[in-house]
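>>> No letters, just coordinates:
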Ligand code: SUG
């Protein structure tokens, strides 16, 4: 039996735009109000999926959500026809309309926390959609995310789907963006590292300028629900100082794969004890830590380039490939650091691929944000919805679908355009057919 780690990337939705919705995410605020290109965004994402599939990795795709989210606007008191709901929201509450139009479900690292069957006491793969309560535009994702995950991993013999945690800031949960798993081989028991920004039920100091999105109690609840072995779970507190510099998720400052941790020296509140706890938990498969110091790359340079929002992938020859966004080439210290790592024989990272993901990056979403990792055995992979897996045929169909339905220009003022709503629904209706997901959207009911 072989076990692999698949990446399920979020397909960028037709309403991709820059609304400046995420305080604490410097790229989102910096690009708020700019004109976006949804078609280019979706094609850039597909290009990354294609490249990984061509390299022999199992690559999946998760569909965008229905946006504008008319049902949420109705819940907030807007009435009448769908066109009327849109025009009234645009006139009286443009910021709420923008939140209900975000294509933020593309960042599937925030969709859920996933635990492989080998780590869970019942031998099944566990999924918990993230409640994303920290940002309103993201807090409206988890219901449809849950439906999409159930339609993708639709076999109770192998997959367990939990509801999102209570929708309270006390249990703020941002999914896999704050979760890393270490192991020797994917099919062997691993160690789950949960990184949190705040402990909600204690007096622990929270960062001043920007919000801490992930709570310790949320991570603990997920570890319990997924029936993880407590000896194989490590909790680490994010460094509040880096949250205030724009590290709104841990995956902006650290990334792991198998027995490798690649991180900045200022990632955690108490770096030495995090390493100690991880080394203790990982004694069956000693951890290799590649730490980048503040002298090599400052936190600001890391945040601007998304060096650590990279994907680490195990190639067949045992070496590690790192996938970085093209912004890393524009930051000389970061580019030098990457060249040195790849050249260093002691460092497991030996190959480097660069991707242009600028449309997503301008909203603070790099390569790692765009993917949800799911470790699957042969049987579990066979039990997965095969239409959600990338291959030559699906790629061609998805590219044609994007080119047919997507605009190449979208500004925040366009969000109230009723034809955008129709375009989006027509596109998504066709997509659920392509991916054979059944009816996952409100408008299909
Ligand atoms: O939640 N940006 C997303 C980016 C998520 C990145 N994900 C990970 N790091 N895993 C966020 O802040 C911006 C939308 C806007 O401003 O229009 C946004 O939601």
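Cool, got the structure. Not measured: the values here are computed from a predicted model. Numbering: from 1, shown residues only.
>>> Okay, now the unreliable bits of the stretch 151-300 of the chain?
Under the criterion pLDDT under 70, the flagged ranges of the stretch 151-300 of the chain are 203-207.
>>> Near the ligand, which residues of it are found?
Applying CB under 6 Å from any ligand atom, one finds that the stretch 151-300 of the chain approaches the ligand through 177, 248, 249, 251, 252. (C-beta placed from N, C-alpha, C; glycine too.)
>>> check contacts around the first one.
Residues near residue 177 by CB atoms under 8 Å, 6 or more residues apart in numbering: 107, 109, 110, 249, 250, 251, 368, 369.
>>> Nearest residue to the middle of the protein?
Among the residues of the chain, the one closest to the centroid is residue 109, at 1.7 Å (CA atoms, centre = their mean).
>>> Now that one: closest residue in space, sequence neighbours ignored.
residue 177 (4.5 Å; CB to CB, 6 or more residues apart in numbering).
>>> Repeat that for residue 2.
Among residues not flanking residue 2 along the chain, residue 378 sits closest, at 5.9 Å (CB to CB, 6+ apart).
>>> quick one: pLDDT of that neighbour?
Looking at residue 378, its pLDDT reads 98.
>>> So which residues of the stretch 201-350 of the chain form helices?
Assigned by DSSP state H, counting those that start in this stretch, the helices in the stretch 201-350 of the chain fall at 216-225, 240-243, 271-281, 299-305, 332-343.
>>> what's the spacing between the third one and its chain's center?
Put plainly, it is helix 271-281. Put simply, helix 271-281 sits 25 Å off its chain's centre (CA atoms, centre = their mean, to the nearest Å).
>>> which strands and helices sit next to it?
Helix 271-281 is packed against strand 191-196, strand 233-237, with contacts defined by 3 or more CB pairs under 8 Å, 6 or more residues apart in numbering; DSSP states H and E.
>>> contacting residues around residue 334?
Residue 334 is in contact with 297, 301, 302, 305, 307, 328, counting by CB under 8 Å, 6+ apart.
>>> Nearest to residue 285 among those?
Nearest to residue 285 among those, counting by CB to CB, is residue 307 at 25.0 Å.
>>> Let me see the contact set for that closest one.
By CB under 8 Å, 6+ apart, the neighbours of residue 307 are 292, 297, 301, 324, 328, 331, 334, 337, 338.
>>> try it again with 7 Å
Applying CB atoms under 7 Å, 6 or more residues apart in numbering to residue 307 gives the contacts 297, 324, 328, 334.
>>> Go through those residues and say which is closest to the ligand.
residue 324 (14.4 Å; CB to the nearest ligand atom).
>>> Can you tell me the closest non-neighbouring residue to that closest one?
That would be residue 310: by CB to CB, 6+ apart, it lies 4.7 Å from residue 324.
>>> backbone phi and psi for the closest residue to the ligand within the stretch 201-350 of the chain, please?
Going by CB to the nearest ligand atom, the ligand is nearest to residue 249 of the stretch 201-350 of the chain, at 3.8 Å. For residue 249, the backbone dihedrals (degrees, to the nearest 10) come out as phi -130, psi 150.
>>> how many other residues sit next to it?
When neighbours are counted by other CB atoms under 10 Å, residue 249 registers 27.
>>> Helix, strand or coil: sort out the one residue in the stretch 301-445 of the chain that gets nearest to the ligand for me.
Residue of the stretch 301-445 of the chain nearest the ligand, by CB to the nearest ligand atom: residue 369 (3.3 Å). Put simply, residue 369 is coil when judged by DSSP: H, G, I helix; E, B strand; the rest coil.
>>> Tell me if I'm right that residue 116 and residue 373 touch.
No. Between residue 116 and residue 373 there is no contact under CB atoms under 7 Å: 9.4 Å.
>>> Neighbour count: the two, which is higher?
residue 116 (26 against 20).
>>> Quick one: residues in contact with the helix or strand hosting residue 430.
Using DSSP states H and E, residue 430 sits in helix 418-434. Outside helix 418-434, the residues within contact range by CB under 7 Å, 6+ apart are 14-15, 63-64, 66-68, 82-83, 86, 387, 397, 401, 405, 414, 438-441, 443-444.
>>> Got a quick PyMOL command for the buried subset of those?
The buried residues among the contacts of helix 418-434 can be selected in PyMOL (16 or more other CB atoms under 10 Å) with this line:
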select buried, resi 14+15+63+64+66+67+68+82+86+387+401+405+414+440+441
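>>> Could you list which of the contacts of helix 418-434 belong to helices?
If you go by DSSP state H, the contacts of helix 418-434 have 82, 83, 86, 397, 401, 405 in helices.
>>> Would you mind measuring from the fourth one to residue 311?
With distances taken as CB to CB, to the nearest Å, residue 397 is found 24 Å from residue 311.
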